[in-house]
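In: okay, predicted coordinates and the sequence, questions at the end:
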Amino acid sequence: MSLPQAKMPLGADDYLAWEQEQPCRHEYIDGEVFAMSGASDAHGTAAGNLFAALHTFTRGTPCKPFIADMKVQVAAANSFYYPDILVTCDPRDRTPEASHVKQHPCLIVEVLSPSTEAYDRGNKFAAYRQLEALQEYALVSLEARRIEIFRRDATGHWVLHPFALDETLELASLDFRCPVAEIFEGVEGE
């Protein structure tokens, strides 16, 4: 996440209309607008590898993955974010009204960078936890070459499931498995 734009007291509807006219992406957090910075080669490669695996896996199912340019709305936090990857299986996210904004993802993935890691683990995760449909939140660490899955359990608590480079990633929300090493294939130093 980068620094906020000049203070613009925008409501959510105003933001959505304004955002469609902008040449670059902006997140909206409770009335403030933040320009999104570009990603590194390593970031794009890891996100692309996981997206490709999820895209192949969900083909022919009601689930659909999106990468980087799809907004997710967290109405309870009055916010719109651009996760690195989101997957939704909810029919409400397939309507024409949901063509630019999804509200019911079952999985959100953020690839960590030094400038966003604290935010992705803290305030952004706190906002995402307010999404009723969200079952898993994945953090991909380029530096540590590991993936941390925070999974909502039957009691509503979020439980950490870490996966190291030599393990098999398991996403229970989709019944998806793949070697962690495949996600980091081609990823060079961050």
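Out: Yes, it's here.
In: what about the residue nearest to the spatial centre of the chain, is that helix, strand or coil?
Out: Compute the mean C-alpha point of the chain, and by C-alpha atoms, centre = their mean the closest residue is residue 83, 2.8 Å away. Secondary structure state of residue 83, per DSSP: H, G, I helix; E, B strand; the rest coil, is coil.
In: list the buried ones in the lengthiest helix in the chain?
Out: Taking DSSP state H as the criterion, the chain has its longest helix at helix 41-58. By neighbour count on 16 or more other C-beta atoms under 10 Å, the buried set for helix 41-58 is 42-51, 53-54, 57-58. Yep, even glycine has a C-beta here, placed from its N, CA and C like the rest.
In: which members of the residues you listed are the farthest-apart pair?
Out: Largest separation among the buried residues of helix 41-58 by C-beta to C-beta: 42 and 58, giving 24.6 Å.
In: shouldn't residue 108 be in contact with residue 137?
Out: Yes: in this structure, residue 108 is within contact of residue 137 by C-beta atoms under 8 Å, at 5.4 Å.
In: overlap in contacts, the two.
Out: Common contact partners of residue 108 and residue 137 (C-beta atoms under 8 Å, 6 or more residues apart in numbering): residue 128.
In: quick revisit: what about the closest residue to the residue nearest to the centre of the chain other than its chain neighbours, distance to residue 22?
Out: Once flanking residues are discounted, residue 83 sits nearest to residue 108: 4.7 Å by C-beta to C-beta, 6 or more residues apart in numbering. Separation of residue 108 from residue 22 (C-beta to C-beta, to the nearest Å): 23 Å.
In: quick one: which of the two has more around it?
Out: residue 108 (26 against 11; other C-beta atoms under 10 Å).
In: buried set for stretch 13-20?
Out: 15, 16, 19.
In: state the pLDDT value of the spatially closest residue to the last one that is not a sequence neighbour.
Out: With C-beta to C-beta, 6+ apart as the measure, residue 26 is the residue that lies nearest to residue 19, at 5.8 Å, once sequence neighbours are left out. Model confidence at residue 26, given as pLDDT, is 87.
In: and the end-to-end length of stretch 160-171?
Out: Terminal residues of stretch 160-171 lie 12 Å apart, using C-alpha to C-alpha, to the nearest Å.
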